[in-house]
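Novice: Predicted model and sequence below, questions to follow.
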Amino acid sequence: MKKWLIIYDIKNEKRLNKIAKIMNEYGERVQKSVFECEANDKALERIRMRVNKIITEEDYIVYFDICETDWQKKMKYGPKVNVDIEEKSFYII
């Protein structure tokens with residue numbers, strides 16, 4: 001499965017809520033309009049087809065295919081970040 005970073009800017013609240021609902025089915029919200037997803041090509045195509053039925057010319061969505069090496073390099077900070085210590089190869093004390 002590929003790793004995806006999906007970001008969007010949807011101008012209408014009704015469309016925005018529909019897009020967010022779709023993204024919640026496939027990934028994890030990391031910011032209001034940013035999701036991290038794991039999806040194979042078929043699943044991504046389903047996402048894109050569903051999204052394309054909703055968005056209009058004034059909306060914007062970007063799908064970033066992130067390789068596994070770069071995905072592992074990500075660093076998350078903030079009070080809402082869940083860190084599983086067992087997954088880390090190092091500890092910050």
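Specialist: Alright, I've got the coordinates.

Novice: can you give me the helices for this protein?
Specialist: 13-26, 41-52, 68-72 (DSSP state H).

Novice: list the contacts for N40?
Specialist: 1-2 (CB atoms under 8 Å, 6 or more residues apart in numbering). Glycine gets a C-beta too; all of them are placed from N, C-alpha and C.

Novice: so how far is D65 from it?
Specialist: N40 sits 12 Å away from D65, going by CB to CB, to the nearest Å.

Novice: overlap in contacts of these two?
Specialist: Joint contacts of N40 and D65 (CB under 8 Å, 6+ apart) are K2.

Novice: ok, and the closest non-adjacent residue to W4?
Specialist: C37 (4.4 Å; CB to CB, 6 or more residues apart in numbering).

Novice: Test for you: state the pLDDT assigned to that neighbour.
Specialist: C37 is assigned a predicted lDDT (pLDDT) of 93.

Novice: tell me, what residue is most central in this protein?
Specialist: The centre of the chain sits closest to F35, judged by CA atoms, centre = their mean, with a distance of 2.0 Å.

Novice: Quick check: that one touching G27?
Specialist: Yes. Assessed by CB atoms under 8 Å, F35 is found in contact with G27 at 4.2 Å.

Novice: Find the residues that touch each one of those two.
Specialist: With CB under 8 Å, 6+ apart as the test, F35 and G27 both reach I6.

Novice: Of all the helices of the chain, which one comes closest to I61?
Specialist: Closest approach to I61 among the helices of the chain (CB to CB): helix 41-52, 6.1 Å.

Novice: tell me which residues in the closest one are buried?
Specialist: With burial defined by 16 or more other CB atoms under 10 Å, the residues of helix 41-52 counted as buried are 43-44, 47, 50-51.
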